[in-house]
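Participant: model this:
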Amino acid sequence: MSRPESNWSGNHAYAAARILRPRTLDEVREMVAAAPGIKALGTRHCFNDIADFDGGVQIDIADVASTIEIDSAAATVTVSGAMRYGELASLLHAKGFGLPNLASLPHCTVAGSVATGTHGSGRRNQGLAAAVSALDLVTADGELRSFARGDKEFAGLVVNAGALGVVTRMTLDLVPTFDVRQNVFDGLPWEALFAHFDEIQDAAYSVSVFTNWANDNVDQVWLKSIGEPRTELFGARPADGPRHPVHAAGMSADNCTEQLGVLGPWHERLPHFRLGFTPSAGDELQSEYFVPYRHAIAAFEALRGLGHRIAPLALCSEIRTIAGDDLWLSPAQGGDRVALHFTWRPRQDEVEALLPVIEERLAPFDVRAHWGKLFHRSGNYPMLPEFRRLRARLDPNGAFRSPYVVRNIG
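Facilitator: Below you'll find the model as predicted:
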């Protein structure tokens with residue numbers, strides 16, 4: 001694991017002068033108001049400098065006392081932005097509630113996951129940020145401001161790349177708790193994925209397809225089902241034991257959530273990795289790109305053409321789908337998207353040299369990059385001009401205008 005002054009994977013050493021650790025909400029407000037340059041720091045699971053501020057400071061609100069407020073009648077929960085999804089999910093399940101979606105690892109904070117547009121999977125499941133119905137934000141002047149769904153610019157506040165302030169609390173929509181079973185299939189032919197992509201995406205509540213883009217077949221397909229599981233999948237073989245998506249690194253499947261069709265609660269099946277273990281490979285880099293669902297097959301063909309360059313650097317790559325939303329900086333803003341995720345070997349110079357090539361191949365397909373991972377250009381976020389105007393009002397003196405924000409948001 002990384003040093004405290006680095007991000008999770010250790011590929012980015014923070015340039016901020018120091019980390020502030022307030023213990024009360026009043027201290028958060030005082031620290032933000034006093035800092036000429038500041039960015040919120042969560043669980044450090046970003047692979048770029050989005051949470052850093054060269055020449056400024058970082059603020060970590062994990063020590064601020066918080067409560068979990070469940071409103072059973074409204075089916076909502078209000079939590080600190082520093083709450084981790086894995087911890088929250090266990091508490092919700094015990095009370096009979098669930099979240100409609102989770103990311104592949106439960107280790108990240110609610111605020112950090114939402115701010116970067118982190119999503120989960122499922123053709124009819126929206127990203128994590130779509131569940132946010134209200135939030136409290138400490139802005140650059142130290143004011144604590146509350147916003148709720150229905151407010152004029154709420155859609156611009158939720159996925160915010162840390163550019164608007166420090167999110168101290170969020171309210172999330174809940175669903176009744178539910179059970180999921182997870183089945184893995186090996187060796188799906190590419191021709192079958194192309195011919196039956198819609199059917200495969202409809203085959204389960206959440207679907208993940210793993211490949212290195214060079215093999216003749218797709219390596220694995222993970223189906224997370226809330227009904228009866230499929231017993232066949234267009235020529236793929238049911239796995240004869242647990243699988244780890246990063247099998248190229250020799251990772252043990254013990255780190256992964258239970259498979260082989262064993263029914264279990266949503267929070268122990270929707271993520272790929274168990275909360276108590278190192279997620280993914282650990283020593284890795286990540287990138288992720290999003291294209292409209294209608295361009296899925298064309299985008300796959302474009303990446304297959306780069307398979308000989310991707311495979312030597314990739315531990316694995318994952319294909320997922322996300323339902324569209326209206327959040328300005330969400331990767332799924334405006335319509336359903338297909339996510340193309342890359343878990344890279346820790347060879348940053350080579351990866352960063354390849355990213356512009358990948359982005360060029362995906363450019364005809366209205367591509368967008370994940371805000372918290374490695375990319376060359378962020379891509380086509382059409383609501384970015386509106387977001388800039390919102391930022392100018394909330395942060396007129398640029399307290400949150402870090403080098404990352406200047407480079408990628410303007």
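Participant: for this structure, longest helix please?
Facilitator: Secondary structure of the chain per DSSP state H: the longest helix is helix 348-362.
Participant: And that helix, what's buried?
Facilitator: 351, 354, 355, 358, 359, 361, 362 (16 or more other Cβ atoms under 10 Å). Where C-beta positions appear, they are placed from N, C-alpha and C, glycine not excepted.
Participant: List just the nearest of those to residue 299.
Facilitator: residue 362 (5.9 Å; Cβ to Cβ).
Participant: what about that closest one, distance to residue 209?
Facilitator: The gap separating residue 362 from residue 209 is 17 Å, by Cβ to Cβ, to the nearest Å.
Participant: and what of residue 44?
Facilitator: Using Cβ to Cβ, one gets 28 Å for the distance from residue 44 to residue 209.
Participant: can you check residue 349 too?
Facilitator: From residue 349 to residue 209 the distance is 28 Å (Cβ to Cβ).
Participant: what do you get for residue 151?
Facilitator: Counting by Cβ to Cβ, the gap from residue 151 to residue 209 is 38 Å.
Participant: who's more crowded, the two?
Facilitator: residue 209 (23 against 12; other Cβ atoms under 10 Å).
Participant: and that one, helix, strand or coil?
Facilitator: Secondary structure, DSSP: H, G, I helix; E, B strand; the rest coil: residue 209 is strand.
Participant: State the pLDDT value of the residue nearest to it when sequence neighbours are not counted.
Facilitator: Distances taken as Cβ to Cβ, 6 or more residues apart in numbering place residue 319 nearest to residue 209, at 4.0 Å, with adjacent residues excluded. Looking at residue 319, its pLDDT is 98.
Participant: Secondary structure element holding residue 319?
Facilitator: strand 314-323 (DSSP states H and E).
Participant: and that strand, what other elements does it pack with?
Facilitator: Helices and strands touching strand 314-323, by 3 or more Cβ pairs under 8 Å, 6 or more residues apart in numbering; DSSP states H and E, are strand 122-126, strand 206-211, helix 296-304, strand 337-344.
Participant: Relative to the whole chain's centre, how far out is the shortest one?
Facilitator: The gap between where strand 122-126 is centred and where its chain is centred comes out at 14 Å by Cα atoms, centre = their mean, to the nearest Å.
Participant: C-terminal to that strand, what's the next element?
Facilitator: Next along from strand 122-126, by DSSP H and E: strand 132-138.
Participant: now swap in the longest one and tell me
Facilitator: Along the chain past helix 296-304, the next helix or strand (assigned with DSSP H and E) turns out to be helix 307-310.
Participant: So what touches that following helix?
Facilitator: With contact meaning Cβ atoms under 8 Å, 6 or more residues apart in numbering, helix 307-310 is reached by 212, 213, 214, 303, 317, 342, 354, 357, 358.
Participant: and with 6 Å instead?
Facilitator: With contact meaning Cβ atoms under 6 Å, 6 or more residues apart in numbering, helix 307-310 is reached by 213, 214.
Participant: Return the set of buried residues in it.
Facilitator: 307, 309, 310.
Participant: ok, so of those, who is nearest residue 88?
Facilitator: Nearest member of the buried residues of helix 307-310 to residue 88, counting by Cβ to Cβ, is residue 310, at 34.8 Å.
Participant: and the gap between that closest one and residue 358?
Facilitator: In terms of Cβ to Cβ, residue 310 sits 8 Å off from residue 358.
Participant: Tell me the secondary structure at residue 271.
Facilitator: From three-state DSSP, the assignment for residue 271 is coil.
Participant: Pull the number of nearby residues for the residue nearest to it when sequence neighbours are not counted.
Facilitator: In space, residue 271 comes closest to residue 106 once its chain neighbours are excluded; the distance is 4.7 Å by Cβ to Cβ, 6+ apart. When counting by other Cβ under 10 Å, one arrives at 25 neighbours for residue 106.
Participant: ditto for the one 4 residues further on
Facilitator: When neighbours are counted by other Cβ under 10 Å, residue 110 registers 28.
Participant: Tell me the secondary structure at the residue lying closest to residue 46 once chain neighbours are set aside.
Facilitator: Closest residue in space to residue 46, ignoring its immediate chain neighbours: residue 372 at 3.9 Å, by Cβ to Cβ, 6+ apart. When classified by three-state DSSP, residue 372 comes out as coil.
Participant: do residue 244 as well
Facilitator: Applying three-state DSSP: residue 244 is coil.
Participant: Am I right that it is in contact with residue 251?
Facilitator: Yes. Counting by Cβ atoms under 6 Å, residue 251 is a contact partner of residue 244 at 4.3 Å.
Participant: Flag every buried residue along stretch 187-201.
Facilitator: Buried, per 16+ other Cβ under 10 Å, within stretch 187-201: 187, 188, 190, 192, 193, 196, 197, 200, 201.
Participant: Which ones among those lie within helices?
Facilitator: If you go by DSSP H, those have 190, 192, 193, 197, 200, 201 in helices.
Participant: just to revisit the earlier point, possible to save the buried residues of helix 307-310 as a markdown table with distance to residue 135 and pLDDT?
Facilitator: As requested, the buried residues of helix 307-310 are exported to a markdown table (distance: Cβ to Cβ, whole Å; pLDDT from 0 to 100):
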| residue | distance to residue 135 | pLDDT |
| --- | --- | --- |
| 307 | 41 | 97 |
| 309 | 41 | 98 |
| 310 | 37 | 98 |
